[in-house]
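Q: my questions concern the predicted model and sequence given below.
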Amino acid sequence: MESRRWRIFLDTSALIAGIISEAGAARELLRLCEAGIVELLLSRQVLTEADRNISEKLPALIPDYHNLLRQLEPVLVDDPSREAVCEAMPLIHRNDAPILAAAICAKADFLITWNTRHFQTETARKAVPFPILTPGEFLKAFRKSLPEMPNSSSI
């Protein structure tokens, strides 16, 4: 029986880190997504924020960024309802409530972010049905989930 792919929701910080880094954990996450090993979930707000930040700070990367998005084929999730955002507001900084609400509504298995100050609070972590991790923390969890390879001495 084949198991379902993990569904990971990236916030803007993790998405941009994966785009600008050539070898970091966030880039490795994008490679897993591109290979179809994990399923990438993004909201319109994340894409809008990423477009704005890359256009302002790294405009030369815009063509490569758009090309990468086409290759990644993310699942574009609906922006959360006003009600869902209001429910998330007591859990997290108000500017991040739409991102948290989108991940909840999308039924993500993980929310991946570099914004540990706002997302990795005890309140937020206890309130959501999925782990909130940095890219490196996710990669550790992913590696632990892989079947162990036989030791070369036992072959």
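A: Thanks, I have the structure now.
Q: check what pLDDT residue 4 gets.
A: pLDDT, residue 4: 79.
Q: distance-wise, check it relative to residue 37.
A: Separation of residue 4 from residue 37 (CB to CB, to the nearest Å): 12 Å. Placement of C-beta: from N, CA and C, glycine included.
Q: between these two, tell me which one has more neighbours.
A: Counting neighbours by other CB atoms under 10 Å for residue 4 and for residue 37 shows that residue 37 has the greater number, 11 against 7.
Q: touching, that one and residue 5? I think so.
A: Yes: between residue 37 and residue 5 there is a contact under CB atoms under 8 Å: 6.8 Å.
Q: please enumerate the strands of this structure.
A: Under the criterion DSSP state E, strands of the chain are mapped to 7-10, 39-43, 75-77, 110-112, 132-133.
Q: shaky segments in the protein?
A: Counting by pLDDT under 70, the chain contains low-confidence ranges at 1-3, 149-155.
Q: the same query, at a cut-off of 80, please.
A: For the chain, the stretches with pLDDT under 80 are 1-4, 148-155.
Q: longest single helix anywhere in it?
A: helix 44-57 (DSSP state H).
Q: buried set for that one?
A: 45-46, 49-50, 54 (16 or more other CB atoms under 10 Å).
Q: between those, which is closest to residue 134?
A: residue 46 (16.2 Å; CB to CB).
Q: tell me the contacts of the closest one?
A: Taking CB atoms under 8 Å, 6 or more residues apart in numbering, we find residue 46 in contact with 10-12, 15, 99, 102.
Q: likewise residue 134?
A: Counting by CB under 8 Å, 6+ apart, residue 134 touches 14, 25, 112-114, 116.
Q: let me know the closest of those to residue 146.
A: Distances from residue 146 to the contacts of residue 134, taken by CB to CB, are shortest for residue 25, at 16.1 Å.
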